[in-house]
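In: sequence first, then the predicted structure, then my questions.
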Amino acid sequence: MDAIVQFVRNALCTAKNFNVLGSTFLYDPNVTARYYDFPSPMDQTTPLEILISITQIYALVTVSIAGAKMIASSIKKLHLISRLVSLQVERNDAKKDKNEVVARRIVTESLLLESDAAIRSFLVGVNVFAIGISFFWLAANSYHITSTDWIGGVAALIHALTVAEIALLVLLYYMVKDARGAMRKSNDMKKFAANLSISKGFSEVDGLTVEEFGWLSADDDDDTSPLFWTSGDASSDVAVDGKMLTKAEEAVATKLAKLAKSVDPQVVESLLVKSEVSRFEGLREYVYLVLNFFAFYGYAACILVYYFQNEEAQPSFIRSVLLHLPNADADWLGNAVGDFMWTVEPIVILGSPLVVQSITKDAKKKEKIA
């Protein structure tokens, strides 16, 4: 739903930028006045701007809530992992069995990795929340409220856009990391699947990583996953946490013992399919990166035009960033590019499941032929 609304919002903004259907009722504020008598300057609001504002208010609510939920869940998970790590450090029972030793290492490494993931989720949540709040001023701008001093005027709008740009810059960084990580994961999965196909069992558990253990356990029922902290499940009792941690180690050790005897041949096929999916996800992240970079660049131009209104006094660097265009043209082009890029992005989002489904179906067809 969010992707659909994002598409509608930015498609409407793009239509407005290029004056699509400019001679229709969509651009006539008198049509709006028939249904509601706004005070000046809100009486200049057109039906098209009303439609845009509805989608902006939707983004204000949903994006802000999504960011707040990410922050809350991250804090909750960090508290859980902090307790579990403390319990793990306090353990003094020496493990002699090989599988038990590896199981403890995997559990410990998983806790540390999930801690890093929770910190990242917190940072992303803060930036998503900031972007969500900025839609308050964007919605107000659709009603021409920013041309008054009611909520800070144009300056407040530019400040909101600046905060959103800084937040987007952080998200661009994580897009680079996600893209590289997905491509690396794809290659690692292929290598791991090749090693598994050589031997019937997986006896070399000493070097097994948390990620590889997850791949081998991916087809298990989620309800029986031993690494319960990955889903943020927690109790309010430290003693219960300790018991659950012990059960998790025992479950991992049991799984390792089974893997040493035999590995389901379907696991190899599943890994190869997932490696292709991961490769697609990596390429998709690069597409997101390109789209959002140009959106960032475009909206940044609008901010620079505001702060450097005197074209003759603009530093040469700013002139270069604005492509040596007049301020009015740079402002229009930057906004148009940003809106268009964010119109294309939800199309990619909505189309991705179809591509993944196609990859999975093709793999199943090859498996049947073989």
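Out: Structure's in. What do you need?

In: this protein: helices as residue ranges?
Out: 2-17, 29-35, 47-90, 98-142, 153-198, 210-217, 238-261, 265-307, 316-321, 327-369 (DSSP state H).

In: tabulate the ones you listed (CSV), appending mean pLDDT and mean neighbour count.
Out: From N, CA and C alone the C-beta is placed, and that goes for glycine too. Rendered in CSV, the data for those read as follows (pLDDT from 0 to 100; neighbours: other CB atoms under 10 Å):
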stretch, mean pLDDT, mean neighbour count
helix 2-17, 96, 19
helix 29-35, 94, 13
helix 47-90, 92, 18
helix 98-142, 92, 19
helix 153-198, 93, 16
helix 210-217, 84, 19
helix 238-261, 80, 17
helix 265-307, 93, 18
helix 316-321, 94, 12
helix 327-369, 87, 16
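
In: so which of those helices gets nearest Thr230?
Out: In terms of CB to CB, the element of these nearest to Thr230 is helix 98-142, at 5.8 Å.

In: just give me how far that closest one sits from the chain centre.
Out: Its chain's C-alpha centre and that of helix 98-142 lie 10 Å apart, by CA atoms, centre = their mean, to the nearest Å.

In: out of the helices of the chain, nearest to Phe228?
Out: Using CB to CB, these put helix 238-261 closest to Phe228, at 6.1 Å.

In: and the closest one, what does it pack onto?
Out: helix 47-90, helix 98-142, helix 210-217 (3 or more CB pairs under 8 Å, 6 or more residues apart in numbering; DSSP states H and E).

In: and the shortest one with helix 98-142, angle?
Out: Counting by axes from the mean of the first three to the mean of the last three CA atoms, to 10 degrees, helix 210-217 lies at 100 degrees to helix 98-142.

In: which helices and strands does helix 210-217 pack with?
Out: Counting contacts by 3+ CB pairs under 8 Å, 6+ apart, helix 210-217 is packed against helix 98-142, helix 153-198, helix 238-261, helix 265-307.

In: would you mind giving these as JSON lines with distance to Thr55 added?
Out: What follows is the helices and strands packed on helix 210-217, written out as JSON lines (distance: least, CB to CB, whole Å):
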{"stretch": "helix 98-142", "distance to Thr55": "9"}
{"stretch": "helix 153-198", "distance to Thr55": "16"}
{"stretch": "helix 238-261", "distance to Thr55": "44"}
{"stretch": "helix 265-307", "distance to Thr55": "16"}
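
In: which among those helices is found nearest to Phe7?
Out: helix 265-307 (12.7 Å).

In: quick one on the thing from earlier: redo the helices of the chain as JSON lines? Include distance to Leu227.
Out: Output for the helices of the chain, formatted as JSON lines (distance: least, CB to CB, whole Å):
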{"stretch": "helix 2-17", "distance to Leu227": "29"}
{"stretch": "helix 29-35", "distance to Leu227": "55"}
{"stretch": "helix 47-90", "distance to Leu227": "11"}
{"stretch": "helix 98-142", "distance to Leu227": "5"}
{"stretch": "helix 153-198", "distance to Leu227": "18"}
{"stretch": "helix 210-217", "distance to Leu227": "8"}
{"stretch": "helix 238-261", "distance to Leu227": "6"}
{"stretch": "helix 265-307", "distance to Leu227": "18"}
{"stretch": "helix 316-321", "distance to Leu227": "47"}
{"stretch": "helix 327-369", "distance to Leu227": "24"}
